[in-house]
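Participant: here you go, sequence then predicted model.
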Amino acid sequence: MTDLNALSYTAEHEWVRIEDGIATFGITDYAADKLGDIVFVELPAIGGELTGAQVCGEIESTKSVGELYAPVSGRVVEVNGAVDADPSLVNADPFGEGWLVKVELGDAILDGLLDRAAYLELTGGAA
Amino acid sequence: MTQPRFTPLRDRHEARGASFTDFGGWMMPVRYSSDLAEHHAVRTAGGLFDVSHMAEFLVTGPQAGEFLDAALAGRLSTMPLGKAKYSLVLTDDGGILDDVIVYRLADDRFLVISNAGNHEVVAMALAERAGLFDALARGRLRAQPAFATVNAPVVQVEDVSDAYGLIALQGPRAQEVLDAVAEITALGTPLAQLGYYAATDATFAGEPLLIARTGYTGEDGFELLVPAQVVADLWDAVLNAGEPRGVVPAGLAARDTLRLEAGMPLHGHELSVDVAPAQAGLGRVVKTGDDSFVGQAGLAARPADAPVLVGLVSEGRRAGRAGYAVLDLDGTPVGEVTSGALSPTLGHPIAMAYVAPASSPVGTGLLLDVRGTRIPATVTALPFYRRKK
């Protein structure tokens, strides 16, 4: 199981894990639940530069469309091809197999991220 | 704004972990676990929907049928007993105030079911039209010496929405499931002989139950109307019989993708006071002939070149959504999407849209502006999905 307390979060409902200069991110269980069954995910191109807090992709469910925000700035080194083939992975395992993008962090300062407690407060404590 | 209301099935939905959404002034289950799973269950076995938020009106009196002829777009007075008919409440200028289903319960007794979001406007329209009709009819009767003392109304409209609960069991196994509910006793037509858009009296644990073979999913199925105080027991009984047969409770999200695949319009999306029936492909619902009805004069004054409702299919997975622009192949705007989704059954995007008549023939190639990306789409005949008989 992913240790959710070890992750950082955004107010736009992304989670991010930073390890060895690589940030892996996806959307939270709260966001996946609110969207409903996810049927299409558009992810950024490998090699592209993302800017923190900017839209970098889209997530569509049967009922609605959500924007994916980059939680950090950096260069995309990998995207989750399994999610492209089977978007329901995001609902089934948002913090694990449903991860979306890996970026190589530059020298940018990480700011604006929330810890688990602050994120839970934002979402009304729904763990 | 008043606080959204809950139906009598609130605790049943909460016990199954439903997410709720405000729909037409009601907090309704949008999904229990997965809207796709609920959608597929309805196509392959069955789904049970709470539609108790819908409004019900009893129209009674010796001229109830004639009144409905004057108040609605269709001809209801000639409906046989036990039949149901889709109809429209029009505005004076021929716009669609709401779409309704009318059931003939007796010679002098009809049930009208309207959308939850239009409850108040339909209640007002029916009351106002009934008052006018009744005054005119009694005036005519009093002019004849034999009827000089007539005082009873020829038609009365009663809003019975709060007295009833309504649930819909939809899917290919619906009949088998209802037949297995021991507490249900059909009093009229056996279910196996009950045709589409027909209804029969029954009882559920001794309480009156109306079983109608109608629905909003494109599958076989039934809508079940019972007194509000027993709807929770009926819900439990149908699920008990249904769950071993693959029936699941289903929410509004699945209901919306199911009706969209079936090409069925939704008021507030495909239908509105700005749209005339012919634009929505509902010209057949409007009676022809000389009898006058509310909206008749307005319909005659409508422009012939107004946008018309079409079905659109595209490839890939990105769906056009309500409000997105529709363009011709030169990039000129020709219309707007009213509903759209990636079809769970068909696996490709589908949408309904109003487009200029010149862009409406089946096979016309168009473009959808999906948040800045232009996606090719082709006009196709509705419905998108038709069940195998």
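Facilitator: Great, that's in hand.
Participant: chain B contacts on chain A?
Facilitator: A:33, A:36-37, A:39-40, A:42, A:58, A:60-63, A:65, A:88, A:91 (CB under 8 Å from any CB of the partner chain). Just so you know, the C-beta spots here come from the backbone N, C-alpha and C atoms, and that holds for glycine as well.
Participant: hmm, 7 Å instead?
Facilitator: Residues of chain A lying close to chain B (CB under 7 Å from any CB of the partner chain) are A:G36, A:D37, A:V39, A:F40, A:E60, A:T62, A:K63, A:V65.
Participant: which of those are buried?
Facilitator: Listed as buried from the residues of chain A next to chain B are A:G36, A:D37, A:V39, A:F40, A:E60, A:T62, A:K63, A:V65; burial here means 16 or more other CB atoms under 10 Å in any protein chain shown.
Participant: returning to what we had before: let me have the residues of chain A next to chain B in TSV, extended by secondary structure.
Facilitator: Converted to TSV, those look like this (DSSP: H, G, I helix; E, B strand; the rest coil):
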residue	secondary structure
A:G36	coil
A:D37	coil
A:V39	strand
A:F40	strand
A:E60	strand
A:T62	coil
A:K63	coil
A:V65	strand
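Participant: out of those, flag the one nearest to B:E128.
Facilitator: If you rank the residues of chain A next to chain B by distance to B:E128 using CB to CB, A:K63 comes first, at 36.3 Å.
Participant: flag whichever of the buried ones among the residues of chain A next to chain B scores worst on pLDDT.
Facilitator: Across those, the smallest pLDDT goes to A:K63, namely 82.
Participant: that one reaches A:I38, doesn't it?
Facilitator: No - applying CB atoms under 7 Å as the test, A:K63 and A:I38 come out as separate, 10.4 Å apart.
Participant: against chain A, how distant is the nearest residue to B:L258 once chain neighbours are set aside?
Facilitator: Of all residues not flanking B:L258 in the chain, B:T217 sits nearest, at 4.0 Å (CB to CB, 6 or more residues apart in numbering or on different chains). Shown here: B:T217 relative to chain A, a distance of 15 Å by CB to the nearest CB, to the nearest Å.
Participant: so B:T217, which of the three states?
Facilitator: Per three-state DSSP, B:T217 ends up coil.
Participant: number of residues surrounding it?
Facilitator: For B:T217, the neighbour count with other CB atoms under 10 Å in any protein chain shown is 27.
Participant: my guess is it meets B:T257, correct?
Facilitator: No - counting by CB under 7 Å, B:T217 stays clear of B:T257, with 9.5 Å between them.
Participant: just give me the closest of the residues of chain A next to chain B to B:E66.
Facilitator: For the residues of chain A next to chain B, the residue nearest B:E66 by CB to CB is A:K63; the value is 42.8 Å.
Participant: need the contact list for that closest one.
Facilitator: Neighbour list for A:K63: A:G36, B:D35, B:A253 [criterion: CB atoms under 7 Å, 6 or more residues apart in numbering or on different chains].
Participant: neighbouring contacts of the one helix or strand the last one maps to?
Facilitator: With elements taken from DSSP states H and E, the one containing B:A253 is helix B:252-261. For helix B:252-261, the external contacting residues (CB under 7 Å, 6+ apart) are A:36, A:62-63, B:21, B:23, B:28-31, B:35, B:38-39, B:42, B:47, B:49, B:216-218, B:266, B:339, B:341, B:343-346, B:350, B:352, B:383-385.
Participant: if we can go back for a sec, contact partners for the residue nearest to B:L258?
Facilitator: Shown in contact with B:T217 (CB under 7 Å, 6+ apart): B:V42, B:Q170, B:R255, B:L258, B:R259, B:A262.
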